[in-house]
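Engineer: here is a sequence together with a model predicted from it:
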Amino acid sequence: MEPNNLDKGWIEENVIFYPKLGYMTSKMMGNYVVTANSEFADQFEVSIDGGAKEPVDYSNYTILCYPILSKCNAQFVRDVSFNSVNQTVVYEIEVTQCSQCEEERITENYVLVPKFPSNYQVTYDISYVNLD
């Protein structure tokens, strides 16, 4: 299977992340929302639409992430939705993987989304599709 990822919903397109540490999500203790107040805020740079690498503009953006252990040739469909009435953010990730692969990898699934109020509750909906 050829990996072909898709980002949908409120996710900014054409963003490349440059985290200063590998496997940073392992240090986040389950808090996978990075804002200007996060201890990890200064650990990221991004390139948007092929532009220069620069610090994240947290006055306009928030980083969401979620580490996933998957088979080696996994595809990810990532979708972020906001519900202002319920004050929630849902980050959905569908992982399609070849069930015959034995090698596993961790993908941190960093996405850049418009800044949202700090009182919003973020939930994660992760699903797997295993292909033969």
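Structural biologist: Happy to help now that I have it.

Engineer: please make it C-alpha for all contacts and neighbour counts, starting now.
Structural biologist: Will do.

Engineer: neighbours of the nearest residue to Tyr110 once chain neighbours are set aside, how many?
Structural biologist: The shortest distance from Tyr110 to any non-neighbouring residue, by Cα to Cα, 6 or more residues apart in numbering, is to Cys65 (4.3 Å). A count of nearby residues for Cys65, using other Cα atoms under 10 Å, gives 20.

Engineer: low-confidence stretches in the protein?
Structural biologist: 1-3 (pLDDT under 70).

Engineer: now the residue positioned nearest the centre of the chain: phi and psi?
Structural biologist: Nearest to the mean C-alpha position of the chain, counting by Cα atoms, centre = their mean, stands Tyr110 at 2.8 Å. Dihedral pair for Tyr110: phi -70, psi 130, per degrees, to the nearest 10.

Engineer: now do it against Val77, distance only.
Structural biologist: Distance of Tyr110 to Val77, computed by Cα to Cα, to the nearest Å: 12 Å.

Engineer: same deal with Cys101?
Structural biologist: Separation of Cys101 from Val77 (Cα to Cα): 19 Å.

Engineer: ok, those two, which is more surrounded?
Structural biologist: Val77 (16 against 13).

Engineer: for this protein, which segments count as strands?
Structural biologist: Here the chain has its strands, by DSSP state E, at 6-9, 15-19, 33-34, 44-48, 54-55, 61-64, 68-71, 75-83, 88-98, 104-107, 111-114, 121-131.

Engineer: can you list the residues that contact the first one?
Structural biologist: To tie it back to what came earlier, the one meant is strand 6-9. Glu13, Phe76, Val77, Arg78, Asp79, Val80, Ser81 (Cα atoms under 8 Å, 6 or more residues apart in numbering).
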